[in-house]
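>>> here is my input; please provide its structure:
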Amino acid sequence: AEFIFSVVQLLPKYRETAIETVRYNFILFCVAQGIWSLLFGAELILLSVLAMVAILIPLLQIVRSQESPVPLDIYWFLQFPFQIHCGWIIAATVLNINVVFVAQEFAAYNQLTAAWLSLIIVFVAAVSAVQRKVWVIAFVLAWASFGISNELKDPSQLIVTTFEADDVADVQRVTNILTYVILVIVLIGIVWERFIKKPDEDEDGQPPYHNANEHTALDP
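Next up, the predicted model:
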C-alpha cells in the first residue's frame, strides 16, 4: 500500500498534501523498520522492541495528522496505506513484547499475564481507533486477534509444553470473542456516524464535509 503512496506523492496534485501530513515521519519509520529487521534477525529481541516502538510513533503521528476530511482519492492514496500499516505495527509491537518474555524464559505465569495484558491493549487500541473514526486500524486489530485465535486451535509444541491446556483454551476463546467484539464495535460506530448521528452545521449553515474514513468502511 505504501508503494502506491510513494508513487502518487510524486504527482503535483498530491505532493503538497503528502508533504503537509507525512513530512519527515515517513523517513523515520522507514529507518526504524530497517533497524528492527536487523535487530530481530540477530535475535536482539529487547532492542527490537525499542525499534518497533520507533516505527509506531511516527506512524501514529502521520495518522493523527491525517484526520481532517479529504476527498476519497486522497484518502486511498495518502491515508489508507499508513492506517493499515499503523494497525499492523500496533499488533506487531504487542507481539514483540510477548516474544521478549519467551526469549528471556520468564515463567509461564508471567508469559500468560503478558498475553492477557496484550489482549487488553489490543482492545483499548481498537476502541480508541473507532472513537477517532479510523476504522481501518480497528479492522486490522480484529484480524490480528482472529489470527491468534486460529493459531491457538492447533498450538505449537512450545506452547503445549509451556502452558496448561486450559490456559491455552481460555486465551483462544477470548481472542475469538475479542475479534467479534471489535467488529461489532466498528459496525456500531459506522452505523452511528453514517445513519444516526445528525451532522452539525458549519457557521454558514452548510453541513460539514464527510470524514473520508467513513467512506472507506462503506464504499467498495
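>>> check whether Gln33 really touches Ile55, as I assumed.
Yes. Look at Gln33 against Ile55 with CB atoms under 8 Å: they come within range, at 5.4 Å. To be clear about C-beta, it is placed using only N, CA and C from the backbone, and glycine gets the same treatment.
>>> the two: which has the busier surroundings?
In this comparison of Gln33 against Ile55, neighbours counted by other CB atoms under 10 Å, the higher total goes to Ile55 at 23 against 17.
>>> show me what counts as buried in the helix or strand hosting the more buried one.
Here Ile55, judged by DSSP states H and E, is contained in helix 45-65. Applying a neighbour-count criterion of 16 or more other CB atoms under 10 Å, the buried positions in helix 45-65 are 45, 48-49, 51-52, 54-56, 58-63.
>>> correct me, but Val168 touches Asp154?
No. Applying CB under 8 Å, one finds Val168 not in contact with Asp154, separated by 10.5 Å.
>>> compare those two (neighbour count), which wins?
Neighbour totals were compared for Val168 and Asp154, and Val168 leads with 18 against 9 (other CB under 10 Å).
>>> continuing past the helix holding Ile55, what's the next helix or strand?
With DSSP H and E, the next secondary element past helix 45-65 is helix 72-74.
>>> which residues touch the helix or strand that that following helix is followed by?
Tracing the chain past helix 72-74, the next element assigned as helix or strand by DSSP H and E is helix 80-103. For helix 80-103, the external contacting residues (CB atoms under 8 Å, 6 or more residues apart in numbering) are 1-2, 4-5, 22, 40, 43, 45-46, 48-49, 52-53, 55-56, 59-60, 62-63, 66, 110-111, 114-115, 118, 121-122, 125, 129, 134, 136-141, 144, 158, 213, 216.
>>> of the residues you listed, just the buried ones, ChimeraX syntax please.
Here is the ChimeraX command that picks out the buried ones among the contacts of helix 80-103, judged by 16+ other CB under 10 Å:
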select :5,22,40,45,48,49,52,55,56,59,60,62,63,66,111,114,115,118,121,122,125,129,134,136,137,138,139,140,141,144,213,216
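>>> ok, longest helix in this structure?
Determined from DSSP state H, the single longest helix within the chain is helix 165-191.
>>> buried ones in whatever helix or strand Thr161 lives in, by neighbour count?
Under the criterion of DSSP H and E, Thr161 resides in helix 157-162. By neighbour count with 16+ other CB under 10 Å, helix 157-162 contains the buried residues 159, 162.
>>> coming back round to it: tell me how far the longest helix of the chain lies from the chain's centre.
Between the mean C-alpha point of helix 165-191 and the mean C-alpha point of its chain there is a distance of 16 Å (CA atoms, centre = their mean, to the nearest Å).
>>> related to what we said a few turns ago, what mean pLDDT does the helix holding Thr161 have?
For helix 157-162, the per-residue pLDDT values average out at 94.
>>> contact partners of that helix?
Contacting residues not belonging to helix 157-162 are listed as 102, 108, 111, 152, 168 [CB under 8 Å, 6+ apart].
>>> buried residues, stretch 72-84. List them.
Residues of stretch 72-84 classed as buried under the neighbour-count rule (16+ other CB under 10 Å) are 74-84.
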